[in-house]
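Trainee: coords below, sequence missing:
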Ligand SMILES: [Zn+2]
């Protein structure tokens with residue numbers, strides 16, 4: 001009897017998986033608003049389902065070697081370049097932090113590290129950034145900054161606002177889809 005129930009459970013599980021719609025979402029952000037900076041690159045965001053973390057993969061070129069703050073911003077307004085994209089995306093009204101901080105903006109992705117050739121490659125999962133629902137980052141912007149993000153722990157007044165990261169080198173629109181599917 002137990003064996004029959006086990007087999008039945010397996011059959012039901014297989015059937016349920018077969019009929020479950022594939023619901024993963026993908027978005028990308030191409031750093032293209034300020035090409036004169038010489039900084040360029042792409043960031044891909046993938047989330048398997050609403051309850052999964054978002055996988056964030058990036059390749060950014062043309063940076064000064066070292067750490068650079070990398071953030072998701074609150075709008076896609078580029079009328080004055082990357083500066084008009086607003087502040088870090090912060091729908092829950094927290095202070096600025098790092099990607100592992102409990103108190104952080106949703107858009108706080110910490111630092112990326114450019115190697116001696118000026119290339120930053122990164123690949124990690126974020127538990128707060130989502131591509132689903134009211135707090136989805138699709139339609140917003142990604143920005144790479146001039147300086148290191150102090151993650152809200154610095155002495156400068158800007159620290160708890162934006163990590164004291166200085167200027168915005170380049171940015172882009174976060175678009176749903178896959179970067180190489182339409183060209
Ligand atoms: Zn922030």
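Mentor: Received the coordinates, thanks. It should be emphasised that the depicted structure is a prediction, and the values quoted were computed from it without experimental measurement. Residues are numbered from 1 along each chain as shown.

Trainee: check contacts around residue 27.
Mentor: Going by Cβ atoms under 8 Å, 6 or more residues apart in numbering, residue 27 touches 44-45, 131, 137-138, 174-177. Bear in mind the C-beta positions are built from the backbone N, C-alpha and C, glycine included.

Trainee: if we go to 10 Å?
Mentor: Contacts for residue 27 were tallied using Cβ atoms under 10 Å, 6 or more residues apart in numbering; they are 43-47, 54, 56, 131, 136-140, 142, 173-179.

Trainee: Over to residue 122?
Mentor: 43, 56-60, 70, 109-113.

Trainee: For PyMOL, write a command that selects the buried ones of those.
Mentor: Here is the PyMOL command that selects only those of the contacts of residue 122 that count as buried (16 or more other Cβ atoms under 10 Å):
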select buried, resi 43+56+58+60+70+109+110+111+112
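
Trainee: Nearest to residue 37 among the contacts of residue 122?
Mentor: Closest approach between the contacts of residue 122 and residue 37, by Cβ to Cβ: residue 60, at 11.1 Å.

Trainee: The closest one sits in which helix or strand?
Mentor: Residue 60 belongs to strand 54-61 when assigned by DSSP states H and E.

Trainee: I'd like to know which elements that strand is packed against.
Mentor: strand 25-31, strand 40-47, strand 66-73, strand 108-114, strand 120-126, strand 141-145 (3 or more Cβ pairs under 10 Å, 6 or more residues apart in numbering; DSSP states H and E).

Trainee: What strands line up against the first one, and which way round?
Mentor: Put plainly, it is strand 25-31. Partners of strand 25-31 in the sheet, by DSSP bridges, are strand 40-47 (antiparallel), strand 168-176 (antiparallel).

Trainee: Now render the ones you listed as a markdown table, adding distance to the ion and mean pLDDT.
Mentor: Shown next, in a markdown table, are those (distance: least, Cβ to the ion, whole Å; pLDDT from 0 to 100):
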| stretch | distance to the ion | mean pLDDT |
| --- | --- | --- |
| strand 40-47 | 17 | 97 |
| strand 168-176 | 13 | 98 |
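
Trainee: Could you export the ones you listed as TSV, including distance to residue 102?
Mentor: Formatted as TSV, these follow (distance: least, Cβ to Cβ, whole Å):
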stretch	distance to residue 102
strand 40-47	21
strand 168-176	24
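
Trainee: Give the closest residue to residue 130 in space, chain neighbours not counted.
Mentor: Nearest residue to residue 130 in three dimensions, chain neighbours excluded: residue 136, at 5.8 Å (Cβ to Cβ, 6 or more residues apart in numbering).

Trainee: What about that neighbour, how many residues nearby?
Mentor: 17 (other Cβ atoms under 10 Å).

Trainee: pretty sure it is in contact with residue 25, am I right?
Mentor: Yes: counting by Cβ atoms under 10 Å, residue 136 touches residue 25, with 8.4 Å between them.
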